[in-house]
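Student: The sequence and its predicted three-dimensional model are supplied below.
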Amino acid sequence: GMHVRRLLKRQHKAATTIQAAVRGMHVRRLLKRQHKAATTIQAAVRGMHVRRLLERQHKAATTIQAAVRGMHVRRLLERQHKAATTMQAVVRGWAARKEYLKQHEAVVKLQQHVRAHLACKHMLAEYQNVRRATIKLQAAVRGWCCRQRYITIQRAVQKIQATVHAKNAQKQYRSLWQSAVIIQHRYRAFCQGRIQQRSYHIQRGAIITIQAAWRGYLERQQYLRTRHAASAIQAAWRGYQERCTYQSLRCAAAVIQKHWQARLAGQHQRSLFRGMKAAAVILQKAWRRYVVFRQERQHHAAIRLQAAARGFLVRHRLKRVIACTVIQASFRCFLQRRHYHRTRAAVCCLQAGVRGWLARRMYSQLKLQHRAAVIIQSSYRGFAQRKFLQHWRAEQQRRILHFTAAVYHHLAAIRLQRFYQQYLLRLKAKQQLKALITIQTWVKAWLQRRQFLQLQAAVCKLQAAVRCHQKQRVGAAVVLQSYFRMCLAKKVVIQRKNAVILLQARWRGYVTRKSIKGRRIRAAREKILAAKRAATEDKKLCNMTATALDLLLKYKHLSTILDALRNLEVVTRLSAVCCDQLVQRGAVQVIYTLIQSCNRSLPCQEIIKYSISILLNLAKNPETVTAAVVMAGGVETLISLMAIYREKDEFIFGQTCLLLTLFCNNPAYQKEVLSMPLVTHKLQSLHRLVQRKTQMSRSKQRTSSQEGKKGHPALAHLVDHIKPAWILARDNMLSVPAPLQSIQLVLITLGLQCS
């Protein structure tokens, strides 16, 4: 090891000396090149300086000559200019006075048109206000008349419906009572038959097990004693066959008697049922003929099978007589049960079909009436709007013509002024350009001289900096080599340490998994592995989000929209990236549109539940909280949902309260909500109604009083515990609170007083 270290030191010294020699050679070459470049630059700059000095002297002589000649020319031009200016002043004064008179007339006309336009606009605004007021009054009067007519018609229809419903209910009650009596009789017979069948199966299983054990024993004994005791085995076998035959025949007779009694009872009940349901029996005759024909065919086939089997059993000393009798009994029982189940299923199908046809006919009639009313209303409103648009367009065209004439005169005056101003500016620019050219020549000469001096000083500084940089570079290379070697050594040590830690962790995990013997943990682990194996690309959150957004934005079918909302609720609850993607695609506006278009049916309630859950997941995310409610009429929509589902669905009411609480937690949005007096009034009225409902409940009387006294400090801290589902914290509130707590939480967040 010592010899190797010495050899490495020698090699290192030799390498450093070689590197120093090579670097010195490169530095010397670089300095020579820079020196040559500096000498060439200095020669070029000096030549340029001499040439510029000669050019300046030549330009000075030419400028002096030009100045003398220009002085004479300017004197002559001044005399001519004075004469021309006097003439131009007279002509321009006359033209200016004429132009001023034209502009004055144009301005007067323009003012008249503008004042007329403003007066028309004011009159139109007053007319619109009066027209709106009259339309509102007419709509109110017509609506009151229609409501009175509707109330009278509704009362008459309700009376008729009440009488019809009462008669139908009486008929239905009688039919249900009779059917219930029949069903009770049949159910009791079915229970008795099931008990007998269970006892029969138990006895049959016991007999079969005994027979199997005994037959196995006899076969083994027969194999061992075939050569020594043939006569004894034959006698024992014949006695065993006779006993088995007797027992099987006895059991079969008992089973047949029980089934025959059950069949007689079933026939008696069926005769009663046929008398009461004669219409259903007529429809079922064809099916029963087919069943009887198939039973007879099966019976003949069974008889043939029995004959063949009996011949085979007789040839083999009647070994399987018991099995054939048992098969026949079970097959006949199976046929009777299947016949009864099919009869019952046919009756149920007929009843369901008739009831569905009646419901569909009633629904189609209601739908046609609704469509007719909608078409009449839309046609009348379209006619009124078209008539109003025709008058409005004619008035607008007349005003546009007056305005265009005034604008044309005004623009003509502005163009004349612009042309005259541009002419003055061009004259002034020419004079300034000549002065600037002379100033630029002197400034450029001074700048080039200063640039040459700066370049000379910079070259000197550059040479000194290059020499210093070469020294620093050599020292830095040595430091970098030592630091790089140290980093490599540290990296190797860290990699080995991480590998050892990884091996230890895997070994400890393996030992821990082997030591676990609980069935639940193993079952959970197997479920996780099965879920991993069954995971596909379409079950990933990103793909589920894209598919659900496409379905929500493109399709209009209710089931498709419900599936899309269900998938969006899952992905927004589990991922913040999916929340951002949903906001960017503009799905929030579609969700609000869905909520506003839903009615109070059960499918629409499911759509509202998933929509509110999606908006609540967006509000829990700090980056998308503004997009959850900051929409046109978003707060009013939520308040209307709270009022509708206050008593119908506590889940929708609680989630809507949480969503409004998260939106009002921001001070800016809180001020926006407080600036709406109708919203605050509705919230306070909802709080009073919910509090009254909880106080009327006897079981919750004490808890409601405790909440009213001590609930506010605890509710104030609930907003901090409302976090997204992907934040795994113990204080994360995932459940929806009670209705009273929810509405109190909204009022406390807004700073309103809870009565």
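Tutor: Happy to help now that I have it. Just so it is clear, the structure is predicted and the values come from calculations on it, not from any experiment. Numbering: from 1, shown residues only.
Student: From now on I want contacts and neighbour counts done on CA atoms only, so please keep to that.
Tutor: Fine.
Student: burial measure for Lys620, as a count.
Tutor: By other CA atoms under 10 Å, the residues close to Lys620 number 23.
Student: just Leu53 next, same as before
Tutor: Leu53 has 13 neighbours, counted by other CA under 10 Å.
Student: which SS state does it fall under?
Tutor: Following DSSP: H, G, I helix; E, B strand; the rest coil, Leu53 is assigned to helix.
Student: how about the helices in the stretch 651-755 of the chain?
Tutor: 667-674, 677-696, 701-716, 739-750 (DSSP state H, counting those that start in this stretch).
Student: now Gly93: how far from Ala413?
Tutor: Using CA to CA, to the nearest Å, we find Gly93 at a distance of 17 Å from Ala413.
Student: wait, I meant Gln605
Tutor: Relative to Ala413, Gln605 is positioned 68 Å away (criterion: CA to CA).
Student: Tell me which residue is most central in this protein.
Tutor: Closest residue to the average C-alpha location of the chain: Leu568 at 3.5 Å, with CA atoms, centre = their mean.
Student: Please look at it and Ile614 and confirm they touch.
Tutor: Yes. Counting by CA atoms under 8 Å, Leu568 does reach Ile614; the two are 6.9 Å apart.
Student: Looking at Gly93 and Ala413, which one has more neighbours?
Tutor: Neighbour count, other CA under 10 Å: between Gly93 and Ala413, Ala413 has more, with 17 against 11.
Student: Quick check: pLDDT value at that one.
Tutor: As predicted, Ala413 sits at a pLDDT of 76.
Student: Quick check: end-to-end length of stretch 617-634?
Tutor: By CA to CA, the extent of stretch 617-634 from end to end equals 16 Å.
Student: closest one to Ala166 among the helices of the stretch 651-755 of the chain?
Tutor: helix 677-696 (33.3 Å; CA to CA).
Student: Which neighbouring elements make contact with the closest one?
Tutor: Judged by 3 or more CA pairs under 8 Å, 6 or more residues apart in numbering; DSSP states H and E, helix 677-696 is in contact with helix 634-644, helix 667-674, helix 701-716, helix 739-750.
Student: weakest of these by average pLDDT?
Tutor: For the helices and strands packed on helix 677-696, mean pLDDT drops lowest on helix 701-716, to a mean of 46.
Student: Go through the helices of the stretch 651-755 of the chain and name the closest to Val590.
Tutor: helix 667-674 (22.1 Å).
Student: what angle sits between the closest one and helix 739-750?
Tutor: Helix 667-674 and helix 739-750 are oriented at 110 degrees to each other (axes from the mean of the first three to the mean of the last three CA atoms, to 10 degrees).
Student: residues of helix 667-674 that come out buried?
Tutor: 669-670, 673 (16 or more other CA atoms under 10 Å).
Student: from the middle of its chain, how far away would the helix or strand Ala499 falls within be?
Tutor: Assigned by DSSP states H and E, Ala499 falls within helix 321-515. In terms of CA atoms, centre = their mean, to the nearest Å, the centre of helix 321-515 is set 16 Å apart from its chain centre.
Student: And it, what does it pack against?
Tutor: If contacts are counted by 3+ CA pairs under 8 Å, 6+ apart, helix 321-515 sits against helix 2-224, helix 230-276, helix 278-315.
Student: possible to save those helices as JSON lines with mean pLDDT?
Tutor: JSON lines is the format used below for the helices and strands packed on helix 321-515 (pLDDT from 0 to 100):
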{"stretch": "helix 2-224", "mean pLDDT": "81"}
{"stretch": "helix 230-276", "mean pLDDT": "80"}
{"stretch": "helix 278-315", "mean pLDDT": "78"}
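Student: Let me see the contact set for His341.
Tutor: Applying CA atoms under 8 Å, 6 or more residues apart in numbering, one finds that His341 lies in contact with no residue.
Student: coming back round to it: quick one: which of the helices and strands packed on helix 321-515 is nearest Ile652?
Tutor: When the helices and strands packed on helix 321-515 are compared by CA to CA, helix 2-224 sits nearest Ile652, at 31.6 Å.
Student: and the direction of the closest one versus that of helix 230-276, what angle?
Tutor: Relative orientation of helix 2-224 and helix 230-276, computed by the same axes, to 10 degrees: 90 degrees.
Student: What is helix 2-224 packed up against?
Tutor: helix 230-276, helix 321-515.
Student: returning to that earlier point: give the contact list for the residue nearest to the centre of the chain.
Tutor: 544-545, 548-549, 614.
Student: coming back round to it: kindly calculate the angle that the helix holding Ala499 makes with helix 2-224.
Tutor: 160 degrees.
Student: Following element in sequence after helix 321-515, please.
Tutor: Assigned by DSSP H and E, the successor of helix 321-515 is helix 519-534.
Student: Please tell me how far that following helix is from the chain's geometric centre.
Tutor: Distance, centroid of helix 519-534 to centroid of chain: 29 Å (CA atoms, centre = their mean).
Student: what do you get for stretch 643-651?
Tutor: Relative to its chain's centre, stretch 643-651 lies at 24 Å (CA atoms, centre = their mean).
Student: next one: stretch 739-755
Tutor: The mean C-alpha position of stretch 739-755 is separated from the chain mean by 29 Å, CA atoms, centre = their mean.
Student: Same question for stretch 583-594.
Tutor: 9 Å.
Student: Report the backbone C-alpha coordinates of it in CSV.
Tutor: The C-alpha trace of stretch 583-594 is given here as CSV (Å, rounded to 0.1, in the frame of the first residue of the first chain):
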residue,chain,number,x,y,z
VAL,A,583,-62.4,25.1,-13.8
GLN,A,584,-60.3,25.7,-17.0
ARG,A,585,-62.7,23.7,-19.2
GLY,A,586,-65.6,25.9,-18.0
ALA,A,587,-67.7,23.1,-16.4
VAL,A,588,-68.7,25.3,-13.4
GLN,A,589,-71.1,27.3,-15.5
VAL,A,590,-72.6,24.1,-16.9
ILE,A,591,-73.1,22.7,-13.3
TYR,A,592,-74.9,25.9,-12.2
THR,A,593,-77.1,25.7,-15.4
LEU,A,594,-78.0,22.1,-14.5
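Student: Flag every buried residue along it.
Tutor: By neighbour count with 16+ other CA under 10 Å, stretch 583-594 contains the buried residues 587-589, 591-592.
Student: what do you get for stretch 111-122?
Tutor: Buried residues in stretch 111-122 (16+ other CA under 10 Å): 113-114, 117.
Student: on that earlier part again, relative to Asp649, which of the buried residues of helix 667-674 is nearest.
Tutor: Val673 (24.8 Å).
Student: now Tyr408: how far from Gln112?
Tutor: 14 Å.
Student: Among the contacts of Leu568, which pair sits farthest apart?
Tutor: Largest separation among the contacts of Leu568 by CA to CA: Met544 and Ile614, giving 14.4 Å.
Student: Pick out whichever of those two has more residues nearby.
Tutor: Using other CA under 10 Å, the more surrounded residue of Met544 and Ile614 is Ile614, with 26 against 19.
Student: give the contact list for that one.
Tutor: Ile614 neighbours (CA under 8 Å, 6+ apart): 565, 568-569, 572-573.
Student: Among the residues you listed, which are located in helices?
Tutor: With helices defined by DSSP state H, the entries of these inside them are 565, 568-569, 572-573.
Student: want to try CSV for these, with distance to Leu638 as columns?
Tutor: Compiled in CSV, the ones in helices among the contacts of Ile614 are given as follows (distance: CA to CA, whole Å):
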residue, distance to Leu638
Leu565, 18
Leu568, 20
Glu569, 18
Thr572, 20
Arg573, 20
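Student: Name the nearest of those relative to Gln298.
Tutor: Leu565 (54.4 Å).
Student: returning to that earlier point: just curious, which of the buried residues of helix 667-674 is nearest to Lys682?
Tutor: Val673 (11.9 Å).
Student: Confirm for me that Cys598 is in contact with Lys609.
Tutor: No. Using CA under 8 Å, Cys598 is not in contact with Lys609; the gap is 11.3 Å.
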